[in-house]
Structure formats: structure tokens, C-alpha cells
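>>> A structural model of the following input is requested.
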Amino acid sequence: MAMIFPLRVRYAMVSGWTGWMIWLLKVTCRVDYKIEGLENIPKDQACVVLSKHQSTWETLILPTLFHETAIIIKRELLWLPCFGWGLMVIDPIAINRSKKSSAMEQILTKGKRCLEQGRCILIFPEGTRMPVGTVGNYRPGGARVAINAGGYPIIPVAHNAGRYWPKRKFIKLPGTVHMVIGKPIETKNRQPEEVTEEVKNWIESTMKRIDG
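Here you go, the predicted structure:
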């Protein structure tokens, strides 16, 4: 039913629901949060957000912070009841990961279109949720999207949500999630691998600071 509305209306509806979920976690499970670096979010420009991925928590809050975020996800997530339907409503970039070459082409094409429309793009460069204290393989896909679209800035994000909402765990642990939003990283006239390494170094050094 929600699909009959324009994207901005659908996005506001889903953002309201996710905001309610974050509040519910706070009052029922005592999972609070603090965010450092909100001033680094571009006010009048689209960007590519590359975030640490430890839990479901960041998938709820990040789209509420950035403008009409298009999340790059695996296609199978759209089949999940409720959660998948909510993702579908906000028009994500859903890919078939079994076909790597066509998936990358789809990400570049759709990603460029979203950025040109003023939408931010959210990518988890490690590809999957990583247990606390581990470092995954940072893939350069996010940097490729930013560079291919003409050099959009990348905003790195670090957080320790996995401490309080662990991967594949139903029980949440009380505490305060610390999220840090980094300063924009320029991508114009740079190589994806170089940019990705800078993003990785910033995220992992920040993780040591906030969760050491």
C-alpha cells in the first residue's frame, strides 16, 4: 500500500518506524546511544556512507541520519517478512551476489543515478556483520561507486553496536552504543583501492578508540 506514495513520503514513514524501534530498544532493553560527528554529514550534497557492520542496530539508525539513503543489500533480504518489506519501500539497491560481475555493474549504474538524484548511499564494505574485535575484508565497491559517479565524498562511520546487539543474538545487552561519523573523504582523481584503505584505517583506528 505504501508504494503508492512518493519516495520522500515512504522514506519518512519508514524512518518514523525505525526511530520508534530505536526508542523501544532504549526503554525496554536499555540500549542507548551517543553520536559523535553529526556536523560531518553533508547538508546539501549526496554522499556514500561506508560503515562498520556489527549488528542490526546500525541498519536502523543510519538511514534516519542521511538523506533518503539507498542501502546496498543482498536481494534475499527483501524476502524477509516485515523487515524486507520495509527495505523494499525505501527503494534500496538490491543485488544478486551470486553473479559478481553483473552485481558490480548494477551497483555502479544504480548508485550513480541515486547520487545524481541527491540520495545518499549506504554500503557496509566488509559485506557482512563482523563479530566484535574482528576486521573483515574491506571491498572497494563503495569507493568505486563514489568515483564512478563523478567523485562524491565518502563519509566513514565507526560504532560498537555489536557489544549490545550481537550478531545472530536475540538478547540485547544494556549499554550505550558509541557511533562516530567521520569527516568527508575526497574521492576525485583517486583509485578505489587507495580510498578504501584510507576508509579502513580511519574506521579501525576509531574502533580502537571507542571500544578499546
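>>> Could you use CA atoms for every contact and neighbour count after this?
Fine.
>>> Over to the closest residue to residue 53 other than its chain neighbours: give its phi and psi.
When the adjacent residues along the chain are set aside, residue 53 lies closest to residue 129, with 4.8 Å between them (Cα to Cα, 6 or more residues apart in numbering). Torsion angles at residue 129 (phi, psi; degrees, to the nearest 10) stand at phi -70, psi 130.
>>> And what about residue 145, helix, strand or coil?
What DSSP: H, G, I helix; E, B strand; the rest coil gives for residue 145 is helix.
>>> Excluding sequence neighbours, find me the nearest residue to it.
In space, residue 145 is closest to residue 108, 5.3 Å off (Cα to Cα, 6+ apart).
>>> Show me what the longest helix along the chain is packed against.
Counting by DSSP state H, the longest helix found in the chain is helix 7-29. Contact analysis of helix 7-29 by 3 or more Cα pairs under 8 Å, 6 or more residues apart in numbering; DSSP states H and E lists strand 31-36, helix 57-65, helix 83-89 as its packing neighbours.
>>> With just CA atoms, put that helix into PDB.
In PDB, the C-alpha atoms belonging to helix 7-29 read as follows (Å, rounded to 0.1, in the frame of the first residue of the first chain):
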ATOM      1  CA  LEU A   7       9.700   8.100  -2.200                       C
ATOM      2  CA  ARG A   8      10.100  11.000   0.300                       C
ATOM      3  CA  VAL A   9       6.800  10.100   1.900                       C
ATOM      4  CA  ARG A  10       7.600   6.400   2.000                       C
ATOM      5  CA  TYR A  11      11.000   7.200   3.400                       C
ATOM      6  CA  ALA A  12       9.500   9.400   6.200                       C
ATOM      7  CA  MET A  13       7.100   6.600   7.100                       C
ATOM      8  CA  VAL A  14       9.900   4.000   7.400                       C
ATOM      9  CA  SER A  15      12.200   6.500   9.200                       C
ATOM     10  CA  GLY A  16       9.400   7.000  11.700                       C
ATOM     11  CA  TRP A  17       9.100   3.300  12.300                       C
ATOM     12  CA  THR A  18      12.900   2.800  12.700                       C
ATOM     13  CA  GLY A  19      13.100   5.800  15.100                       C
ATOM     14  CA  TRP A  20      10.400   4.100  17.200                       C
ATOM     15  CA  MET A  21      12.300   0.900  17.200                       C
ATOM     16  CA  ILE A  22      15.500   2.600  18.400                       C
ATOM     17  CA  TRP A  23      13.400   4.300  21.200                       C
ATOM     18  CA  LEU A  24      11.800   0.900  22.100                       C
ATOM     19  CA  LEU A  25      15.300  -0.600  22.400                       C
ATOM     20  CA  LYS A  26      16.200   2.200  24.800                       C
ATOM     21  CA  VAL A  27      13.300   1.900  27.100                       C
ATOM     22  CA  THR A  28      12.900  -1.900  27.100                       C
ATOM     23  CA  CYS A  29      16.500  -3.200  26.700                       C
END
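>>> got a list of what the residue nearest to residue 145 touches?
Residues near residue 108 by Cα atoms under 8 Å, 6 or more residues apart in numbering: 144, 145, 148, 149.
>>> Go through those and say which is closest to residue 37.
residue 145 (23.4 Å; Cα to Cα).
>>> Isn't that closest one up against residue 107?
Yes: between residue 145 and residue 107 there is a contact at 7.1 Å, judged by Cα atoms under 8 Å.
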